[in-house]
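Chemist: Coordinates for the following, if possible.
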Amino acid sequence: MKPKVCVETSVLSYLTSWPSGDLVVAGRQKITRDWWRLAQGAFELTVSELVQREAGEGDPQAARDRQEATKGLRVLAVDERVRRVARALLAGKAVPPSEAEDALHIALAVVNGVEYLVTWNLKHIANALMRSKIERACIAEGYNPCIICTPEELMEFESNV
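Modeler: This next block holds a predicted model:
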């Protein structure tokens, strides 16, 4: 069975965005596109209904491109279990109160038993300083925490999976 990966909105944005002149952004775009090509065969890719909604916002063409990238992927739904874990993440200060949707992204992956949550959100989701708080909140709610990482961190999978 392939490991499950929940793809967060920032990954879709880097995957489908127009080429950037910013070197960091351009590098992340390339890494994301390379990862996406390989990941489709190595992982069971999922998105959430939250990601689908976020992907549909903004520039109409960019939204269509992001939504097109999610076609055929399993969609994870927000339910009361997800909301409860998200509230625990906020209460435990694992995610700032102003970023409730980021708590939902984490909770969606955790409640659905996803092994990896892949994101470029380094401020509120893939943040090493918050990792132990995220893990504690998930465990306290009775769930195993997922591994939160960037596409770059899953690039070595072809020889390990």
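Chemist: to the chain's geometric centre, what's the distance from the longest helix anywhere in the chain?
Modeler: Secondary structure of the chain read by DSSP state H shows that its longest helix is helix 23-42. Distance of helix 23-42 from the chain centroid (C-alpha atoms, centre = their mean, to the nearest Å) equals 14 Å.
Chemist: next helix or strand past it?
Modeler: For helix 23-42, the following helix or strand on the C-terminal side (DSSP states H and E) is strand 44-48.
Chemist: What residues sit buried inside the helix or strand that comes right after that next one?
Modeler: For strand 44-48, the following helix or strand on the C-terminal side (DSSP H and E) is helix 49-55. Judged by neighbour count (16 or more other C-beta atoms under 10 Å), helix 49-55 contains these buried residues: 50-52, 54-55. For every residue, glycine as well, the C-beta is placed using N, CA and C.
Chemist: repeat for stretch 76-91
Modeler: Here stretch 76-91 shows 76, 78, 81-82, 85-90 as buried, counting by 16+ other C-beta under 10 Å.
Chemist: gap between the residue lying farthest from the centre of the chain and residue 121?
Modeler: Distance from the C-alpha centroid of the chain, by C-alpha atoms, centre = their mean, peaks at residue 21 (24.6 Å). Distance from residue 21 to residue 121, counting by C-beta to C-beta, to the nearest Å: 22 Å.
Chemist: residue ranges with poor pLDDT in the protein?
Modeler: Counting by pLDDT under 70, the chain has low-confidence residues at 156-161.
Chemist: And the strands in it, which stretches?
Modeler: Ranges of strands within the chain are 4-7, 44-48, 74-76, 116-118, 147-149, based on DSSP state E.
Chemist: which residues sit against the third one?
Modeler: Here strand 74-76 makes contact (C-beta atoms under 8 Å, 6 or more residues apart in numbering) with 6, 44-49, 52, 108-109, 112, 114.
Chemist: same check, this time on the second one
Modeler: Where contact means C-beta under 8 Å, 6+ apart, the residues beyond strand 44-48 that reach it are 1-7, 12, 39, 55, 70, 73-78, 104-105, 108, 112, 114.
Chemist: Now the buried members of those.
Modeler: 4-7, 12, 39, 55, 70, 73, 76, 78, 104-105, 108, 112, 114.
Chemist: any idea how far residue 65 is from residue 25?
Modeler: Distance, residue 25 to residue 65, using C-beta to C-beta: 16 Å.
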